[in-house]
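S.K.: quick one: sequence and predicted model below, then my questions.
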Amino acid sequence: MLDPSLFPDLTARELESAPIARAATIPSAWYTEPRFHELDREAVLAASWQHVGDLAQVREPGGSIAAEVAGNPVLVVRGDDGELRAFYNVCRHRGGPLGVKAGTKLMLQCRYHGWTYEPDGMLRGVPHFNRTELFDKRDYGLVPVRLAVWEGHVFVSLGPTPQPLEDCVEGIRERLAPQRLGDLTFARQVEYDVRCNWKVYVDNYLEGYHVPYVHPELFEMYDFEAYRTEVRDRYTVQVGPLAAGKTVYSEGGGEALYYHVFPNFMLNVLPGRLQTNVVVPLAPDRCRVVFRYYYDDVSSAAARERIDADLAFSDHVQQEDMEICARVQLGISSRAYQRGRFSPTFEEGVYRFQCLLKEAYREWLIESPRSPPCSP
């Protein structure tokens, strides 16, 4: 458990959010110091819904998804009864990892010492424990994790009382209709390790301000003057009107919609195509971004050609983002930088993200049993 006394600088004044026209950005220490890396895991990521995969991975009994959430191993599994459940991927013996063991009856088995569990988490088999005293298998079942499914995508939360997932994404399904994200087919997963704090990457994602200077080819795809950001309770959406004929997805124009669901999940939607991003903090100055691509057609020759072009262009844009984010991390770590200001025209998404971050820090301080009162 992280000690709140490590954060005397999280005062009530520091955690206030002034209107964007007068607000300053969060301080550089929040991007650079190891204590804030740990705070983000505990107060932000563990307390929120985290995307771990899609239903296609767990459609049949025995299907499973292994993931790491806020530094904790998690396992999602479909049982013989058809139920989808999530647990910490931790054997209650000595912390070994679990694997799915298929047979006449589906079981979860520790890959360290062979303890087995039922798909509902109850401990079943304990090899060579017949001489152990005062041991009751009912006391050593797997620890469950909260699970939710939305539009064919699987989320977990380590928090005791997370806000309902449907509230966090309210209105997205309706905005995208008649396109349904759950009907798209998975095509590819690509991962990138980026030399910056996860919040630097999210800040960068949340504004088009940098696009003309960092992404000249991407800039040509949009009507930049009509580019706008819409803010909701737990997410923002950047709306990029597509220039007709500039991409394989914009023969007739249309819009690109870039959703950021707090804190670290993105939905990048084009006609017939979805790209999801999950930003995973690895260290104070390093994160991993997991891209998953879904399409309405993945089998025809024309679709495969279109997908290859989409993946190549996306990789090009990502390489540009990785370079600028690494340079920003270096800049905010320098003696020259403490905090900056917002452009109300282009950085409303960044501002909203940082407001929600402050809110998460405040809630953590209030709920922590050893939390000192915030001083002015």
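M.R.: It's in.
S.K.: helices of the stretch 151-300 of the chain, residue ranges please.
M.R.: Taking DSSP state H, counting those that start in this stretch, the helices of the stretch 151-300 of the chain run over residues 165-168, 172-176, 198-205, 211-214, 216-219.
S.K.: comparing those helices, which comes out most buried?
M.R.: Of those, the one with the most neighbours on average (mean count of other Cβ atoms under 10 Å) is helix 198-205, at a mean of 24. Where you see a C-beta, it was placed from the backbone N, CA and C, and this is true even at glycine.
S.K.: returning to that earlier point: now the helices of the stretch 151-300 of the chain as CSV including mean pLDDT and distance to L55?
M.R.: Listed next are these as CSV, based on pLDDT from 0 to 100; distance: least, Cβ to Cβ, whole Å:
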stretch, mean pLDDT, distance to L55
helix 165-168, 97, 14
helix 172-176, 95, 15
helix 198-205, 98, 25
helix 211-214, 91, 34
helix 216-219, 88, 31
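S.K.: any idea which of the ones you listed gets closest to V278?
M.R.: V278 sits nearest to helix 198-205 of all the helices of the stretch 151-300 of the chain, at 10.2 Å, using Cβ to Cβ.
S.K.: give me the contact list for the closest one.
M.R.: 26, 30-31, 40, 194, 210, 258, 260, 263-264, 266, 277, 279-281, 287, 289, 321, 324-325, 328-329, 332, 350, 353-354, 357 (Cβ atoms under 8 Å, 6 or more residues apart in numbering).
S.K.: SS state for V52?
M.R.: Three-state secondary structure (criterion: DSSP: H, G, I helix; E, B strand; the rest coil) places V52 in strand.
S.K.: model confidence score at the residue nearest to it when sequence neighbours are not counted, please.
M.R.: Excluding the flanking residues, the one nearest V52 by Cβ to Cβ, 6 or more residues apart in numbering is A67, at 4.1 Å. For A67, the pLDDT comes out at 96.
S.K.: just checking, A67 touches V77?
M.R.: No: the criterion here is Cβ atoms under 8 Å, and A67 misses it with V77 at 11.9 Å.
S.K.: which of these two has more neighbours?
M.R.: V77 (26 against 20; other Cβ atoms under 10 Å).
S.K.: now do the contacts for the more buried one.
M.R.: Counting by Cβ under 8 Å, 6+ apart, V77 touches V58, G62, G63, S64, I65, L84, R85, A86, F87, V100, L108, P119.
S.K.: what of L184?
M.R.: G152, G272, R273, L274, Y294, Y295, D296.
S.K.: neighbour-wise, give me the winner out of the residues you listed.
M.R.: Neighbour counts for the contacts of L184 peak at L274, which has 26 neighbours (criterion: other Cβ under 10 Å).
S.K.: I figured that residue hits Y293, correct?
M.R.: Yes: contact criterion Cβ under 8 Å: L274 and Y293 qualify, at 7.5 Å.
S.K.: returning to what we had before: JSON lines for the helices of the stretch 151-300 of the chain, including distance to L10?
M.R.: Listed next are the helices of the stretch 151-300 of the chain as JSON lines, based on distance: least, Cβ to Cβ, whole Å:
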{"stretch": "helix 165-168", "distance to L10": "24"}
{"stretch": "helix 172-176", "distance to L10": "32"}
{"stretch": "helix 198-205", "distance to L10": "15"}
{"stretch": "helix 211-214", "distance to L10": "32"}
{"stretch": "helix 216-219", "distance to L10": "37"}
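S.K.: right, so of the ones you listed, which gets closest to D54?
M.R.: helix 165-168 (14.5 Å).
S.K.: need the contact partners of the closest one.
M.R.: Residues contacting helix 165-168 (Cβ under 8 Å, 6+ apart): W49, A148, W150, F155, D233, R234, Y235, V261, F262.
S.K.: what of stretch 139-146?
M.R.: Applying Cβ under 8 Å, 6+ apart, the contact partners of stretch 139-146 are 74, 85-88, 90, 92-93, 98, 108, 117, 121-123, 156-159, 162.
S.K.: average pLDDT for it?
M.R.: For stretch 139-146, the mean per-residue pLDDT is 96.
S.K.: buried sites along that stretch?
M.R.: Across stretch 139-146, burial judged by 16 or more other Cβ atoms under 10 Å covers G141, L142, V145.
S.K.: specify the local secondary structure of the nearest residue to S64 once chain neighbours are set aside.
M.R.: Nearest residue to S64 in three dimensions, chain neighbours excluded: V77, at 4.5 Å (Cβ to Cβ, 6+ apart). Under the three-state scheme (three-state DSSP), V77 adopts strand.
S.K.: specify the beta-bridge partners of V77.
M.R.: Under DSSP bridges, the beta-bridge partners of V77 are S64, R85.
S.K.: any idea how many residues pack against R339?
M.R.: Burial measure for R339: 13 neighbouring residues, criterion other Cβ under 10 Å.
S.K.: then F342?
M.R.: 21.
S.K.: if I look at it, how far off is A67?
M.R.: According to Cβ to Cβ, to the nearest Å, F342 stands 33 Å off from A67.
S.K.: ok, R85 next?
M.R.: R85 is 14 Å from A67, by Cβ to Cβ.
S.K.: is L6 in contact with R35, as I believe?
M.R.: Yes: L6 lies in contact with R35 (Cβ under 8 Å); the separation is 5.1 Å.
S.K.: could you dump the buried residues of stretch 139-146 into TSV with distance to V317 added?
M.R.: Output for these, formatted as TSV (distance: Cβ to Cβ, whole Å):
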residue	distance to V317
G141	46
L142	41
V145	34
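S.K.: before we move on, back to that, got a winner among the contacts of helix 165-168 for most neighbours?
M.R.: Among the contacts of helix 165-168, the one with the most neighbours (other Cβ under 10 Å) is W49, at 27 neighbours.
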